[in-house]
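Undergrad: Model the following, please.
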Amino acid sequence: MCLGIPGKVIEIAQDTAMPMGVVDFGGAKREVCLAFVADEVSVSDYVIVHAGFAISILDEAEAQQSFELLREMGELSGDEWMRDVANRSLDEQSADTP
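TA: Numbering: from 1, shown residues only. Predicted coordinates for the structure are as follows:
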């Protein structure tokens with residue numbers, strides 16, 4: 001089974017041969033290849049990441065839905081890491097809302 005994880009782009013490297021960026025997955029920050037979305041992505045966009053590659057861009061509502069689904073999947077399967085990523089991401093979102 002393949003699973004794409006949603007995350008928020010917090011940094012885009014301008015000086016690399018391959019388009020790269022840093023994506024925040026609910027507190028865990030990872031370097032991600034942005035080659036598939038390079039012409040469209042901006043800092044603060046949400047992306048789906050699979051195997052270290054951002055494969056699509058999500059709007060904020062879609063990202064929220066994805067976080068909620070991950071949380072529910074984690075509750076059903078007992079996968080604590082899924083719940084943690086989803087819950088941290090949802091909490092982070094709430095903190096950003098005025």
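
Undergrad: So what pairs up with Val9 in the strands?
TA: Under the criterion DSSP bridges, Val9 forms beta bridges with Val23.

Undergrad: surely it meets Ile48?
TA: No - applying C-beta atoms under 8 Å, one finds Val9 not in contact with Ile48, separated by 11.5 Å. All C-beta spots, glycine's among them, are computed from the backbone N, C-alpha and C.

Undergrad: who has more neighbours, those two?
TA: More crowded of Val9 and Ile48, by other C-beta atoms under 10 Å: Val9, with 22 against 19.

Undergrad: so how far is Gly52 from Cys33?
TA: Relative to Gly52, Cys33 is positioned 6 Å away (C-beta to C-beta, to the nearest Å).

Undergrad: just Glu11 next, same as before
TA: Counting by C-beta to C-beta, the gap from Glu11 to Gly52 is 15 Å.

Undergrad: Find residues that contact each of Val9 and Ile48.
TA: With contacts defined as C-beta atoms under 8 Å, 6 or more residues apart in numbering, the residues shared by Val9 and Ile48 are Ala54.
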